[in-house]
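Trainee: A predicted structure for the sequence below; I have some questions about it.
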Amino acid sequence: MSCHAADDEATLGEARLKGVTVVYSVAGKYERSDIAEEVAPGANDPWVKSKSDKFLNTDLEKILKDKSIRTVIVTGNSANGAVLYTGTGAVLRGLKVIAPVDGISANELYEEQITVWHLANGPGFSGQVTITPSSSKDVFRRSTARNEAERCTYHSQIFASVLT
C-alpha cells in the first residue's frame with residue numbers, strides 16, 4: 001500500500017463524483033486485478049496494457065477520442081517509463097498534458113526529476129504540458145525514503161495513467 005493510499009483514494013473518489021474519466025493501465029506480468037483495492041478500477045472503467053507508452057498497441061487513443069477528451073492528467077509509479085512516454089505520446093497526438101508532481105513516483109528521486117524536466121522542456125511541448133508543483137514536504141519525504149521499495153510505493157498503485 002502506498003504511503004498516501006488514503007489521499008489517492010480520496011482523489012479518485014472526487015474525480016469520479018465530478019464525472020472524470022479514469023483510464024487504468026498495467027504493464028508486464030500485471031493485470032487489472034493486480035491494482036490496489038483502494039484505487040481499483042470500477043466495473044466500467046477502461047484499462048489498457050502496454051509497455052511504457054500506453055498508446056502503443058492499445059485502444060487508449062480511441063477511448064480518449066470517443067469521449068472527446070483533450071486534456072490528460074498523467075500519474076503513476078513509473079515516472080521515467082509510463083508517465084514520461086504516455087505524456088509524450090499524448091502531446092504528440094495534440095492533447096494537453098497535466099503532470100502533477102505529487103502524483104508520480106519512481107525508484108529514485110532523480111528519475112522523477114528528469115521526467116518532469118523532459119515533460120516541461122521537450123521540443124514542441126511549449127504550452128502543451130502543465131507541471132503542477134509538489135509541496136516541499138513531499139519532496140523531502142521522497143528524497144529521504146529509507147529504501148527503494150519505500151520510494152517505489154510512495155504514491156499511486158495505479159500502474160500508470162489516470163487520464164481526463
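Mentor: Received it, and whenever you're ready, just let me know what you need.
Trainee: hey, let's count contacts and neighbours off CA atoms from now on
Mentor: Noted.
Trainee: Quick check: K54 touching E61?
Mentor: No. Applying C-alpha atoms under 8 Å, one finds K54 not in contact with E61, separated by 9.1 Å.
Trainee: Compare the two and say which is more crowded by neighbours.
Mentor: Taking neighbours as other C-alpha atoms under 10 Å, K54 and E61 compare with K54 leading, 28 against 16.
Trainee: Got the phi and psi for that one?
Mentor: phi -70, psi -10 (degrees, to the nearest 10).
Trainee: Please apply the same query to K96.
Mentor: Residue torsions, per degrees, to the nearest 10, at K96 are phi -80, psi 150.
Trainee: Contacts only, for it.
Mentor: R70, T71, V72, A90, Q128, V129 (C-alpha atoms under 8 Å, 6 or more residues apart in numbering).
Trainee: Quick check: closest non-adjacent residue to the last one.
Mentor: Sequence neighbours aside, V97 is the residue nearest to V129 in space, at 4.7 Å (criterion: C-alpha to C-alpha, 6 or more residues apart in numbering).
Trainee: And the strands in this protein, which stretches?
Mentor: With DSSP state E, the ranges of strands along the chain come out as 24-26, 47-49, 71-73, 96-100, 129-132.
Trainee: Compare those strands and give me the one nearest T115.
Mentor: Closest to T115 of the strands of the chain, according to C-alpha to C-alpha: strand 96-100, at 9.7 Å.
Trainee: Only C-alpha atoms, please: export that closest one in CSV.
Mentor: Extracted C-alpha coordinates of strand 96-100, given in CSV (Å, rounded to 0.1, in the frame of the first residue of the first chain):
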residue,chain,number,x,y,z
LYS,A,96,-2.8,18.8,-23.4
VAL,A,97,-1.0,17.1,-20.5
ILE,A,98,-1.1,17.9,-16.8
ALA,A,99,1.7,16.2,-14.8
PRO,A,100,1.1,16.5,-11.1
